[in-house]
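**Q** okay, here's the prediction I keep looking at, along with the sequence it came from:
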Amino acid sequence: MSQQGVTPQSEDFARWYTDVVQKADLADYSPVRGCMIIKPYGYELWEGVKAGLDRRFKATGHQNAYFPLFIPESFLKREAEHVEGFSPELAVVTIGGGKELEEPLVVRPTSETIIGWAFQKWIQSHRDLPLLINQWANVVRWELRTRLFLRTMEFLWQEGHTAHATHEEAEAETLQMLGVYEDFAVNDAAIPVIPGRKSDQERFAGAVFSYSIEAMMRDRKALQAGTSHDLGQNFARAFDIRYTDENNELQYCWTTSWGLSTRMVGAIVMTHGDDKGLRLPPRLAPIQVVVVPIYRTAEEQGPVMDAVNRVSTALREAGLRVHVDARANLSPGFKFNDWEMRGVPLRVEIGPKDVANHTVALARRDIAGREGKQFVPQAGLVETVRALLDDIQASLLRQATEFRDQHLHEVRSYAELVEVVDDEWALAWFCGGAACEAKIKDETQATSRCFPLKQPHPGESGPCVVCGQPAREMAYFAKAY
RNA sequence: CGGGGUGUGGCGCAGUUGGCUAGCGCGCUGCGUUUGGGACGCAGAGGCCCGCGGUUCAAGUCCGCGCACCCCGACCA
């Protein structure tokens, strides 16, 4: 009978994900392989992400700008490691206006080079620093295996690019923005993340140090949800970004870049979702409260709709995002399931009994079944709903944190690591060497996720879990998206 | 790029040893009855059976060649 549900997570997590993304109307496939259409409901979720980040970027002194989609091919080649990293996944325009171009144009896979070129023009003196720029844009990377939101050939993101007078300032910026991502993920998206430094193998092409926030999905795989890079002077030297210091001497700038993409939408889906579908954190949910009217007869309809309108207006005026589901041809039961699948945090039901009793029924999405349902007075509903939404936000973060902590294990031997990493995350002493990392990857498919900034045993050291050489830091290992 | 699979109304599928007007479920349209956890009746609409070429009295079905997509192994926010 019920063919409208999604494949249960326990049965097939990958299918659950594609089911829920499509059935909840977040996104659709496109006629171009590997690209996606972001539907209004999915785009509103992304707009929530944008708003939360943009506010934080402005608060830390950054300004938005826009740089071109097309980048001269030669720009990419100026930074050796950068080209090498990106050339396999570039889309290149060779014909324009029916004529072969003198120099091919690369469709940006990221904008360090073209922004570096602009920075070189804009910066002359230490008085021009720091230069703190962000852009919201689409980028293209030619991917073979794609999945909606997680990896598509074209995706939306923001990329911050900054230039500083000293390495200390650039480092501080890199870590500050990692902190901004962490704050957003934890407080707005209710996703507990681990901020850390990437190993050399996992570093961004052209960076000195890369940092990331790592999140655990419900299938226990890791997802890099945002990255921040200390670019040293690599791009400053490649693009001649120099300034005159207080002593009238020419110095190369120190630059950073940091990005977070529509992948975050996938992270939200896979962190909170359950067998019934999405569960969206109230701060980001496009619809925070859905109101479902219930009535039998035309006589009941009038009073019920009056109450529905009164309640929904009051909630809207309180600044909440409210939707009234007045679809006449569908039963309430269908609507309950439909909105649960779409992840709306709180449902208000209003029927004849509620009209008579001056109550409404409230059902919270984070607690399944009858336990999540309660009848409350219409008087003071705005406050009740506000408090509940806060509680749901906190509850989702708590559930996700508990889930993650259950599946994190500190390991002392390679054998233990191999066993843990098959299905969970391992924390181990790690020298960071390429050979050690390659061995783990070959034998387990897991990679190092990061050296957490908050080390579990600060000041101590231990033998690398692979080679046994002394290691000063521990790293997380897991299979990753 | 190597191995496996699938192409039939919007979606999911069936279609016998080739045979008559190509079916089923969901969805869609109209009307009526319904509505507190996935309602029902009646009447409708919707198909170049992936493409091309063959075999045959006859092809969704058999043969050949393409094309597309999906799943699994090397790189990536």
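**A** Thanks, I have it.
**Q** show me the contacts for the residue of chain A found nearest RNA strand B.
**A** Residue nearest to RNA strand B within chain A: A:Gly351 (2.2 Å; CB to the nearest atom of the strand). From N, CA and C alone the C-beta is placed, and that goes for glycine too. Contact analysis of A:Gly351 by CB atoms under 8 Å, 6 or more residues apart in numbering lists A:293-295, A:300, A:304, A:361.
**Q** separate out the buried members of those.
**A** A:293-295, A:304, A:361 (16 or more other CB atoms under 10 Å).
**Q** farthest-separated two in the residues you listed?
**A** Maximum pairwise distance among those (CB to CB): 13.8 Å, between A:Tyr295 and A:Ala361.
**Q** for chain A, which spans come out with low pLDDT?
**A** A:1-4 (pLDDT under 70).
**Q** give me that answer again for 80
**A** A:1-5, A:11-12, A:31-33, A:144-145 (pLDDT under 80).
**Q** now the residue lying farthest from the centre of it, what's its secondary structure?
**A** Distance from the C-alpha centroid of chain A peaks at A:Glu299, with 48.1 Å (CA atoms, centre = their mean). Under DSSP: H, G, I helix; E, B strand; the rest coil, A:Glu299 falls in the helix class.
**Q** next to RNA strand B, which bits of the stretch 201-350 of chain A? Give me the list.
**A** A:202, A:204, A:212, A:224-227, A:259, A:261-263, A:276, A:294-297, A:328-334, A:336-338, A:340-341, A:349-350 (CB under 7 Å from any atom of the strand).
**Q** are any of these buried, and which?
**A** By 16+ other CB under 10 Å, these give A:202, A:204, A:212, A:224-227, A:259, A:261-263, A:276, A:294-295, A:336-338, A:340-341, A:349-350 as buried.
**Q** could you dump the buried ones among the contacts of A:Gly351 into JSON lines with secondary structure added?
**A** Formatted as JSON lines, the buried ones among the contacts of A:Gly351 follow (three-state DSSP):
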{"residue": "A:Pro293", "secondary structure": "strand"}
{"residue": "A:Ile294", "secondary structure": "coil"}
{"residue": "A:Tyr295", "secondary structure": "coil"}
{"residue": "A:Val304", "secondary structure": "helix"}
{"residue": "A:Ala361", "secondary structure": "strand"}
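**Q** next, format the residues you listed as a markdown table and append distance to A:Val6.
**A** Converted to a markdown table, the buried ones among the contacts of A:Gly351 look like this (distance: CB to CB, whole Å):
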| residue | distance to A:Val6 |
| --- | --- |
| A:Pro293 | 26 |
| A:Ile294 | 25 |
| A:Tyr295 | 29 |
| A:Val304 | 31 |
| A:Ala361 | 25 |
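**Q** closest one of those to A:Thr60?
**A** A:Ala361 (43.0 Å).
**Q** what residues are up against the closest one?
**A** Counted by CB under 8 Å, 6+ apart, A:Ala361 has contacts A:348-351, A:354, A:373-375.
**Q** before we move on, what about A:Ile392?
**A** A:Ile392 neighbours (CB under 8 Å, 6+ apart): A:281-282, A:345-346, A:364-366.
**Q** let me see the ranges of the helices in chain A.
**A** A:13-23, A:40-59, A:73-77, A:80-86, A:112-122, A:167-187, A:234-239, A:263-272, A:298-317, A:332-341, A:352-357, A:381-406, A:414-421, A:434-444 (DSSP state H).
**Q** in the fourth one, which residues are buried?
**A** Judged by neighbour count (16+ other CB under 10 Å), helix A:80-86 contains these buried residues: A:82-83, A:85-86.
**Q** starting at the chain centroid, how far to that helix?
**A** Centre-to-centre, helix A:80-86 and its host chain are 25 Å apart (CA atoms, centre = their mean, to the nearest Å).
**Q** ditto for the last one
**A** The gap between the average C-alpha position of helix A:434-444 and the chain average comes to 27 Å, counting by CA atoms, centre = their mean.
**Q** how about A:Val140: what's its closest non-neighbour residue?
**A** Leaving aside its sequence neighbours, A:Val140 sits nearest to A:Val107 (CB to CB, 6 or more residues apart in numbering; 4.5 Å).
**Q** the one you found contacts A:Leu90, doesn't it?
**A** Yes: judged on CB atoms under 8 Å, A:Val107 makes contact with A:Leu90 at a distance of 7.4 Å.
**Q** list the contacts of the spatially most central residue of chain A.
**A** Against the mean C-alpha coordinate of chain A, by CA atoms, centre = their mean, the closest residue is A:Met264 at 1.9 Å. Each residue near A:Met264 by CB under 8 Å, 6+ apart is listed here: A:46, A:49, A:185, A:189, A:225-226.
**Q** with A:Gly160 instead?
**A** Taking CB under 8 Å, 6+ apart as the test, what A:Gly160 contacts is A:57, A:62, A:132-134, A:177, A:256-259.
**Q** got it, and A:Glu171?
**A** Counting by CB under 8 Å, 6+ apart, A:Glu171 touches A:Asp230.
**Q** next one: the one 3 residues further on
**A** For A:Thr174, the contact set (CB under 8 Å, 6+ apart) comprises A:209, A:211, A:228-230, A:256, A:258.
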